[in-house]
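1. here is a sequence with its predicted model. Questions after.
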Amino acid sequence: MSSSRRSPALALLLDIVLVVVFAAIGRATHDGDVLGPFGSGLATTAWPFVAALLIGWLVTRAWRRPTAVVRTGLPVWAITVALGMVLRALSGQGVAVAFIIVATITLAVFLLGWRGIARLAARRRV
């Protein structure tokens, strides 16, 4: 795979992994059982945010500038949080105010943080 195709694919994979890690941390903190029976607990917790993330990628065309913090990271993060909460509520899962605050902050650190680090690293190489 060429580097121009690999970069967006790796960025998307990293975003997905970080969203699943976010869900796993939440499950470990509150349920103690990260995976649940046959992994269904983690899947149930993660799917609204993974689906929202994928929609965020489509809406923003994130593959064009996957490491851009402002142009890609901010809208992908906002869509992931907002739509993820809507999907979570529609699926009968809780959306307490404290959870919304923690999810917003954690996903900001994850989805914006790696992009900021990647941009700094790219600047240092130049």
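-> Cool, got the structure.

2. contacts and neighbour counts: CA atoms only from here.
-> Noted.

3. looking at this protein, which helix or strand does the model trust least?
-> helix 3-30 (a mean of 89; mean pLDDT, DSSP states H and E).

4. what helices or strands is the helix or strand following that one leaning on?
-> Sequence order places helix 40-60 as the next helix or strand after helix 3-30, per DSSP states H and E. For helix 40-60, the elements it packs on are helix 3-30, helix 74-90, judged by 3 or more Cα pairs under 8 Å, 6 or more residues apart in numbering; DSSP states H and E.

5. how far is the longest one from where the chain is centred?
-> The one in question is helix 3-30. Averaging C-alpha positions (Cα atoms, centre = their mean, to the nearest Å) puts helix 3-30 6 Å from its chain's average.

6. okay, buried residues for that helix please.
-> Across helix 3-30, burial judged by 16 or more other Cα atoms under 10 Å covers 7-8, 11-12, 15-16, 18-24, 26-27.

7. can you list the helices and strands that that helix packs against?
-> helix 40-60, helix 97-125.

8. backbone torsions only: list them for the nearest residue to Thr72 once chain neighbours are set aside.
-> In space, and not counting its chain neighbours, Thr72 is closest to Ala62: 5.6 Å by Cα to Cα, 6 or more residues apart in numbering. Main-chain dihedrals, Ala62, degrees, to the nearest 10: phi -60, psi -20.
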